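J.: below: sequence and its predicted model.
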Amino acid sequence: MEHAWDVIVIGAGVAGLTSAALLAAEGARVLVLERHTLVGGCASFFQRQGYRFDVGATVAGGFGARGIHRRLFAHLGTSLPATRLEPAMHVHLPGTTIVRWGDERWIAERRRHFGVESEPFWQQQERIADAAWRLALHTPAVPHDLLGIRTTLQAVSVRDIPLLLRCLGRSLASIVPTDRLLRRFIDAQLLITAQASAAATDLVYGATALDLAREGVFHLPDGIATIATTLARAVQHRGGKIRYRSEVVAITLDQREHANGVVLHDGTRYEARQIISALPIRETLACLPASTNLTLRRRVAQRQSGWGAFTAYVGLPAGTVPDDFPLHHQIIDDIEGPLGEGRSLFLSFSAMHEQRRARNGGRAVTISTHTDPRRWQRAYADGTYETERAALGERLLAGLERILPGSRACADLIEFATPHTFARYTGHTDGAVGGYPQRPWQAHLTAFSHRSGIAGLALCGDTVFPGQSTVGVSLSGIIAARACGARVKLDTSSV
């Protein structure tokens, strides 16, 4: 019986752990298999010389009144001490800094920078976002049959249907004014929340992504990896098992082509009545016989891939960072031209006096920029990898100097990670992170579903609906758990 389970979950990221915790809470015998030695995936952590760094994701949402994480943890009988940050971040553009408040101060701030004439846009953005949040309260799945369509329509407020229907197939740019500063600000914000510019981002997804500060950006003790470690404890508390250094290389099928087990890299086999894969879709397909899922394989081959991340991890000693320094910053070099590749940076600082994240009162800093994974494949092949790594690293450190002069000279520790690093530790092909860009033809109704096309195999994670962020992947984990029989209805009484 040690090798026979009700459900096997592949991957101990936030999505997989969400599914596992919900199923274990209902008495299912759950086994989570993780290739790494820690939970969290792209929202994990590592420690170096007395500093603890968030690996990838650094902004915590989902703990507000309508938040998925808050309601999920309440359902599981636990909670996290999440503290709302105001402001959510500072956005540094050429010649100005925009303070991204999440409360009524944001109205005055946006009028000061973009003029009162931008108000119709912001009000429309918030109306669309509110409609999307109301729908998200019901944790809907992508409908792929008449029953699914009916269930989704029942979840939509009647007053929201006309508005959401008008948004179908449109990009966010269709409602954005032509003001250059406003467009640059929106494109930069969307890059970190939707992986695309306003012209290439789905209208509903983009409006909701711009609502991040209003919904709430939160600080978690010990960093964003606390979400995964709390979920892992919930899995184990309810009798579920998590096994590390357990890389799944094959998903086995019975004679009816029903998923019935997995094979590990060392040949170990486990059987289960149902499988949930929290791996990216491409990695999941690589574990299946090449003759299966031909339709899904074609769709994946046609899908435009996403970004990778180039990241600097910096340890700063006590006294380098002012006590009241904001924890999140975005830096944009130019008002025109492409973003990413060091031209746009996102910086996150550990909070003051977080002893488990920085030694002797210091600060752990994560600096990241979007980068094309193919750039690093070419660099590795032609021998320029180290040169390019050093050059892009310099741009990230210059960004830190821009908002915190003298910090580089004081640094105790500086390390860099390229998409090759992420590929090594997460197993994601080419080191791509964050799923697919949320383009109008790749979001919502056209997103990949939790349904794999193989009986007994459900999908979750950032490459399926609804997409990236710990909030998005938690929702996908809830949907996958439901597909495996979990009766999940998150409380909305306090919303």
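T.: Structure's in. What do you need? Residues are numbered from 1 along each chain as shown.

J.: tell me which other helices or strands the helix or strand containing residue 275 touches.
T.: Following DSSP states H and E, one finds residue 275 within strand 269-277. When contacts are defined as 3 or more CB pairs under 8 Å, 6 or more residues apart in numbering; DSSP states H and E, strand 269-277 packs onto strand 4-10, helix 14-25, strand 30-33, strand 248-253, strand 259-264, strand 457-459. In short, each C-beta sits where N, CA and C put it, glycine included.

J.: out of those, which is closest to residue 468?
T.: Nearest to residue 468 among the helices and strands packed on strand 269-277 is helix 14-25 (10.8 Å), distances taken as CB to CB.

J.: downstream of the lowest-mean-pLDDT helix or strand in the chain, the next helix or strand is which one?
T.: One helix or strand of the chain scores below all others by mean pLDDT, DSSP states H and E: helix 146-155, with a mean of 62. Note on helix 146-155: by DSSP H and E, the next helix or strand toward the C-terminus is helix 161-167.

J.: for residue 401, give me phi and psi.
T.: With angles defined as degrees, to the nearest 10, residue 401 sits at phi -60, psi -30.

J.: how far away is it from residue 451?
T.: To residue 451, residue 401 is 49 Å away according to CB to CB, to the nearest Å.

J.: neighbour count: these two, which is higher?
T.: A count of neighbours by other CB atoms under 10 Å puts residue 451 above the other of residue 401 and residue 451, at 20 against 13.

J.: hey, what's that one bridged with?
T.: Residue 451 has these beta-bridge partners by DSSP bridges: residue 458.

J.: how much space between it and residue 268?
T.: To residue 268, residue 451 is 28 Å away according to CB to CB.

J.: do the same with residue 340
T.: 41 Å.

J.: between those two, which is the more surrounded one?
T.: residue 340 (17 against 13).

J.: just to check, residue 87 is in contact with residue 97?
T.: No - checked against CB atoms under 8 Å, the pair residue 87 and residue 97 is beyond contact range at 10.6 Å.

J.: between those two, which is the more surrounded one?
T.: Taking other CB under 10 Å, residue 87 and residue 97 do not tie; residue 87 has more neighbours (20 against 13).

J.: show me where the stretch 101-250 of the chain has its strands.
T.: 218-219, 241-243, 248-253 (DSSP state E, counting those that start in this stretch).

J.: follow-up on the earlier one: next secondary structure after the strand holding residue 275?
T.: Downstream of strand 269-277, the next assigned helix or strand under DSSP H and E is helix 281-286.

J.: give me the helices and strands touching that next one, please.
T.: Taking 3+ CB pairs under 8 Å, 6+ apart as the contact cut, helix 281-286 packs with helix 294-302.

J.: starting at the chain centroid, how far to the helix it packs on?
T.: The chain centre lies 23 Å from the centre of helix 294-302; the measure is CA atoms, centre = their mean, to the nearest Å.

J.: likewise for stretch 431-438?
T.: When C-alpha coordinates are averaged (CA atoms, centre = their mean), stretch 431-438 and its chain have centres 9 Å apart.

J.: tell me which residues are up against that stretch.
T.: Contact with stretch 431-438 is made by 42, 56, 194-196, 200-202, 205-206, 209, 280, 303-309, 373, 376, 418-424, 426, 442, 447, 461-463, 467-468, 472, as judged by CB atoms under 8 Å, 6 or more residues apart in numbering.
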